[in-house]
Structures are given as C-alpha cells and as structure tokens.
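[1] the following comprises the amino acid sequence and a computationally predicted model.
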Amino acid sequence: MSSRPTLVVLAAGRARRYGGCKPLAPVGPEGEAVIDLLASDALAAGFGSVVLVVGPATGPAIRYHVSRTWPDAVPVHFALQPAPLGTVHAVLAAGPHLGDHPFGVANADDLYGEAALRTLADHLATPGAGSALVGFRLRNAVVGDSAVTRGVCRVAADGSLTSVTERRGVRALGDGRFTTDDGEDPAELDGDTLVSMNLWAFDAAMHKVLRAAMDEATGASEEAEVLLPEVVGAQLAGRLPGGPVPFTVLAADGRCLGVTHPDDLELVRSELAHLVGAGHRPGRLWSSLGAPAAG
C-alpha cells in the first residue's frame with residue numbers, strides 16, 4: 001500500500017430527495033460529475049488512492065462512468081455494499097482495500113475542496129495523530145434555500161470533539177443565522193457553528209470499533225442501519241468496548257458544496273464556475289497527475 005492515505009468515498013446512497021445518482025450529477029464547468037471533482041481534489045490534496053463504495057442499483061453506472069472518463073493513472077478501487085445498512089456498513093465493505101491502516105471517509109455527493117481534503121490527508125499522514133473530524137462553518141455548509149440536516153459539533157477547549165448532534169430542517173435566515181424546525185434547542189444556530197459533513201479520519205483502532213458496532217446492531221436486527229455519527233457519538237460517550245476514543249476537530253475555512261436537492265444542481269454549478277474563473281479551483285481535472293481532463 002502507498003504511504004499516502006486512502007480515501008473511502010461513500011457512493012452507495014439511494015438519494016431519495018435528489019431522485020437520481022448524485023455522485024454522477026454533472027456539476028463541473030465542463031459537465032464533470034461530483035465524484036470526478038472529489039477524486040481529483042483528493043489526489044491533489046495528498047491521498048494516494050480512492051475506494052468507491054457502491055450499491056447494486058447505481059454501482060454499474062458509476063463503474064461505467066469511471067472506466068470511461070477517469071485516466072488509467074488514477075488509483076481507484078471498488079467495493080460493493082450489497083444492502084443499504086448505513087454508512088458504517090459501507091465503510092466496512094471497503095475493508096479489504098484498507099488493511100489495518102488509518103484512512104479517510106467522505107460522502108460522494110459533497111465537494112469539500114482541496115484545502116479541507118489536504119487537512120485530512122496531512123492528519124492521516126501524521127504518525128499517532130488519531131481519529132479526527134473535519135468540521136465546516138454552518139454558513140459554508142448550506143447551499144440554497146431548501147432545508148437540510150447538519151451534525152452540530154460540540155468542541156472542547158483542547159479542540160477535541162465531545163458530541164455531534166443531528167439538527168434537521170436547517171435553513172438560512174439570510175443574516176448569518178440559521179433556523180431549524182426539529183423542535184430542539186436552540187431553535188436558531190449561528191453561522192460560525194461547526195458542523196460535520198461526514199469527512200472523517202479514522203485511525204487503525206476504529207477498524208475494530210466499526211466492526212463491533214455493526215455486529216452488535218445486526219445481532220439485534222438483520223436490517224439495522226448503522227450510521228457513522230451514531231457510532232462516533234457512542235464511542236465518545238464510552239458506550240462501546242474499549243472506552244472513549246478521542247477525536248480531534250479540524251476546522252475547514254472553505255466551502256463544502258453538496259448536492260442534496262435537485263434545485264442545488266444549478267447553484268453548485270454556478271459556484272464552481274465562479275471558483276474556477278477566480279483561480280480558486282484548477283481549470284482541469286487530474287492536474288496533480290499531469291493527466292488530461294475527463295471527457
């Protein structure tokens with residue numbers, strides 16, 4: 001395995017709200033798909049390979065797209081998640097490509113930007129750094145006016161994560177504040193609030209934690225859906241074997257552009273075109289490999 005870390009990209013979601021295969025949504029200036037931009041950013045940021053976790057329904061289309069458009073020099077592997085049992089199950093599906101090494105995890109429908117991915121890759125490349133979450137300011141993690149769910153992070157004075165609370169119905173008020181409709185307190189959130197966008201660094205110890213959590217859940221129900229924030233929260237609270245495991249919070253300065261609703265597509269396209277035009281994103285994919293853009 002390369003000394004550069006591996007990024008596991010969760011691309012097996014069913015995308016009920018979007019109504020299509022979000023990883024293949026054409027958002028780039030030249031029609032590049034979300035996973036094209038994400039993978040190109042990841043390699044430029046210092047990741048050595050990408051593992052795409054796909055499902056039975058959309059997996060064949062994703063494989064076909066990658067085989068047709070990604071350069072041969074891109075180190076990519078596929079892992080099949082045969083049933084929709086949650087993001088922990090998806091990460092475990094990637095296990096044969098990870099060994100016992102630390103690794104990163106990202107959503108296939110979010111564009112985190114090269115800077116945030118570099119923060120993650122640098123952390124993973126640091127011996128003994130442990131597990132971490134890259135958090136985004138809420139104002140940089142909402143696209144458009146449609147309601148979204150965001151994991152609000154509580155961070156200790158030493159920069160460690162103490163909890164992640166899912167807040168639903170999050171909408172921008174237009175003055176730097178955000179409102180929620182989930183009935184929880186506080187009803188309004190500040191734009192500087194750090195939120196999780198499922199961009200994780202997991203050290204070697206988390207392999208065992210994730211396997212144990214999935215085994216426990218499936219022991220209770222064969223259809224259990226186990227989510228990464230839930231397992232991390234249980235681990236932070238010491239409710240899983242081995243006691244609490246610390247997570248560092250790494251704050252990202254840039255935007256996270258996600259495709260949640262169909263209306264987000266044009267908004268993300270417009271913002272990406274602006275970033276390319278302003279010189280904040282490369283004008284072509286795979287520039288770190290010296291390869292031509294995907295066509």
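    Nice, I can see it.
[2] where exactly do the helices run in the stretch 1-150 of the chain?
    Listed in chain order, the helices of the stretch 1-150 of the chain (DSSP state H, counting those that start in this stretch) span 34-45, 59-69, 87-93, 114-124.
[3] take those helices and write them to CSV, including mean neighbour count, distance to Asp263 and mean pLDDT.
    The C-beta positions use only the backbone N, C-alpha and C, and glycine is treated the same way. Output for the helices of the stretch 1-150 of the chain, formatted as CSV (neighbours: other C-beta atoms under 10 Å; distance: least, C-beta to C-beta, whole Å; pLDDT from 0 to 100):
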stretch, mean neighbour count, distance to Asp263, mean pLDDT
helix 34-45, 25, 16, 97
helix 59-69, 15, 22, 96
helix 87-93, 24, 25, 96
helix 114-124, 22, 24, 97
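[4] dump the ones you listed to CSV, plus distance to Cys256.
    Output for the helices of the stretch 1-150 of the chain, formatted as CSV (distance: least, C-beta to C-beta, whole Å):
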stretch, distance to Cys256
helix 34-45, 11
helix 59-69, 21
helix 87-93, 17
helix 114-124, 7
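[5] so which of those helices comes closest to Val53?
    helix 87-93 (4.6 Å; C-beta to C-beta).
[6] contacting residues around the closest one?
    8, 10, 12, 53, 79-83, 105, 198, 202, 210-211, 213-214, 217, 225-228, 231 (C-beta atoms under 8 Å, 6 or more residues apart in numbering).
[7] same thing with stretch 258-276?
    17-20, 22, 25-29, 34, 37, 107, 109-111, 141, 143-146, 148, 197, 255, 257, 281-283.
[8] just the buried members of these?
    Buried by 16 or more other C-beta atoms under 10 Å: 18, 22, 25, 27-29, 34, 37, 107, 109-111, 141, 143-144, 148, 197, 255, 257, 281-282, out of the contacts of stretch 258-276.
[9] average pLDDT for stretch 100-113?
    The average pLDDT within stretch 100-113 is 96.
[10] got the contact list for the nearest residue to Glu225 once chain neighbours are set aside?
    Spatially, and ignoring its direct neighbours in sequence, Glu225 is nearest to Gly86 (4.0 Å; C-beta to C-beta, 6 or more residues apart in numbering). Counting by C-beta under 8 Å, 6+ apart, Gly86 makes contact with Ala224, Glu225, Val226, Leu227.
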